[in-house]
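Chemist: Show me how the following folds:
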Amino acid sequence: MHTVAILVLDNVVPFDMAAPFQMFGWTRLPDGRRPYRVRLCAESPEVPTDGFALRIDRGLDGLADADTIIVPGCDDTGPPSPRVVAALQQAARAGTRIASVCVGAFVLAEAGLLDGLRATTHWMATADLARRFPDVHVEPDVLYVDNGRILTSAGAAAGLDMCLHMIRRDLGSAVAAHTARMSVVPLEREGGQAQFIVHERPPVPRGSTLEPLLEWIEDNLAGEITLGAMAGRSGMSERTFSRRFREQTGTTPLQWLLRARVRRAQYLLENSDHPIERIARQAGFGSPTAFRERFRRVVGTTPHAYRAAFQGKTGASVTVG
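Modeler: Model (predicted):
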């Protein structure tokens, strides 16, 4: 039997913890047997959370013989205790599969388990993760990332997708499909699918020196905006500007600009009946062909399918991350 240990930290987000507990707990083999044993582990026997406290049966020693460790998100993304870091590092050296849900990725990053790897977390925290851990290759627009022994997922719903992916990898598609039906969730949401989230403004640290520039970009998306123009408005060389921009936002200026244009297009697709050609111009894509190609690359579906899903029309099926 495969042991799944859920590492519960103070102020854990209950749904982030419940998602893997439910998924692995519902899993059954064709003969009805349970393939997974699920346990909760923590530093102390009682863990506070929002509105109630959890009684925990196993300490950190419960991680030592686990086959899989899952770290849910918690309200505080500060550094975990040295004991937690040491336990995770020891488990990683032993070859244990370790996964995170939502901002649980920060715990893995603090333990050095994400260095040099691709990773994701909730879209509101991707810039912070990239800023605090520059050796981590943050993927802000995917549901989950599988590096083999180390996995990370976006929000709690994406954690369900990641767990189903692990079950499929362990036991095959038929068992994973049965687990999905029992949990009333869709089976087929691949990890590379975009988190279909519309930000009012791409996240940047409060008080960032880039805020005036970013506001100017938002106000001028329909026009041509080059790297040189952005650097010039900031009074820097292109090289210095690009480095400063990545430090403060966790992404490159042109990637930020592309996602800002996609967000503008998402808003227009959801809230207007403008034709695709007009939306392409308003969002600054130049041509409908370029718009369709880049929108699909970032969002994971076509502008037409996105509009149909988010305006409640029939004829397309889009899964919301």
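
Chemist: burial count for the closest residue to residue 65 other than its chain neighbours?
Modeler: Ranked by Cβ to Cβ, 6 or more residues apart in numbering and with sequence neighbours excluded, the top spatial neighbour of residue 65 is residue 3, at 6.5 Å. From N, CA and C alone the C-beta is placed, and that goes for glycine too. Each residue near residue 3 was counted by other Cβ atoms under 10 Å, and the total is 17.

Chemist: and residue 3, how far is that from residue 183?
Modeler: 20 Å (Cβ to Cβ, to the nearest Å).

Chemist: just residue 306 next, same as before
Modeler: Relative to residue 183, residue 306 is positioned 26 Å away (Cβ to Cβ).

Chemist: Would you mind measuring from residue 53 to residue 156?
Modeler: 20 Å.

Chemist: neighbour-wise, which of these two wins?
Modeler: Taking other Cβ under 10 Å, residue 53 and residue 156 do not tie; residue 156 has more neighbours (20 against 9).

Chemist: ok so residue 121 is a helix residue?
Modeler: No: secondary structure of residue 121 (DSSP: H, G, I helix; E, B strand; the rest coil): coil, not part of a helix.

Chemist: Surely it is in contact with residue 156?
Modeler: No: Residue 121 is not in contact with residue 156 according to Cβ atoms under 8 Å; the separation is 11.7 Å.

Chemist: Could you tell me which residues touch both of these two?
Modeler: residue 102 (Cβ atoms under 8 Å, 6 or more residues apart in numbering).

Chemist: OK, contacts around the closest residue to residue 60 other than its chain neighbours?
Modeler: Once flanking residues are discounted, residue 60 sits nearest to residue 87: 4.6 Å by Cβ to Cβ, 6+ apart. Taking Cβ under 8 Å, 6+ apart, we find residue 87 in contact with 60, 63-64.

Chemist: what's the answer for residue 171, then?
Modeler: 27, 29, 35.

Chemist: buried subset of the residues you listed?
Modeler: Buried members of the contacts of residue 171, scored by 16 or more other Cβ atoms under 10 Å, are residue 27.

Chemist: Adjacent strands (with direction) for the helix or strand hosting residue 69?
Modeler: Using DSSP states H and E, the element containing residue 69 is strand 68-71. Strand 68-71 pairs in its sheet with strand 2-7 (parallel), strand 97-100 (parallel), by DSSP bridges.

Chemist: More neighbours: residue 306 and residue 183, which one.
Modeler: Neighbours were counted for residue 306 and for residue 183 using other Cβ under 10 Å; residue 306 has more, 21 against 18.

Chemist: quick one on the thing from earlier: point out the most buried one among the strands paired with strand 68-71.
Modeler: Neighbour counts (mean count of other Cβ atoms under 10 Å) averaged over each of the strands paired with strand 68-71 peak at strand 97-100, with a mean of 27.

Chemist: Quick one: mean pLDDT over the helix or strand just after that strand.
Modeler: Scanning forward in sequence from strand 97-100 by DSSP H and E, the next helix or strand is helix 105-110. For helix 105-110, mean pLDDT rounds to 95.

Chemist: Distance check, the spatially most central residue of the chain against residue 41.
Modeler: Centroid-nearest residue in the chain: residue 154, 2.3 Å away (criterion: Cα atoms, centre = their mean). Per Cβ to Cβ, residue 154 is found 23 Å from residue 41.

Chemist: Give me the pLDDT value at residue 32.
Modeler: Note on residue 32: pLDDT of 91.

Chemist: what's the answer for residue 50, then?
Modeler: Here the pLDDT value assigned to residue 50 is 68.

Chemist: Taking strand 2-7 as reference, get the angle to the helix or strand that the strand holding residue 69 is followed by.
Modeler: Using DSSP H and E, the helix or strand that follows strand 68-71 towards the C-terminus is helix 82-93. Taking axes from the mean of the first three to the mean of the last three Cα atoms, to 10 degrees, one finds helix 82-93 and strand 2-7 inclined to each other by 150 degrees.

Chemist: isn't residue 209 right next to residue 245, touching?
Modeler: No: taking Cβ under 8 Å as the definition, residue 209 is not a contact partner of residue 245, at 10.2 Å.

Chemist: how much space between the residue nearest to residue 151 when sequence neighbours are not counted and residue 172?
Modeler: Excluding its sequence neighbours, the residue lying closest to residue 151 (Cβ to Cβ, 6+ apart) is residue 99, at 4.0 Å. Per Cβ to Cβ, residue 99 is found 19 Å from residue 172.

Chemist: do the same with residue 211
Modeler: Counting by Cβ to Cβ - residue 211 and residue 172 are separated by 50 Å.

Chemist: Please apply the same query to residue 75.
Modeler: 36 Å.

Chemist: Thanks a lot, catch you later.
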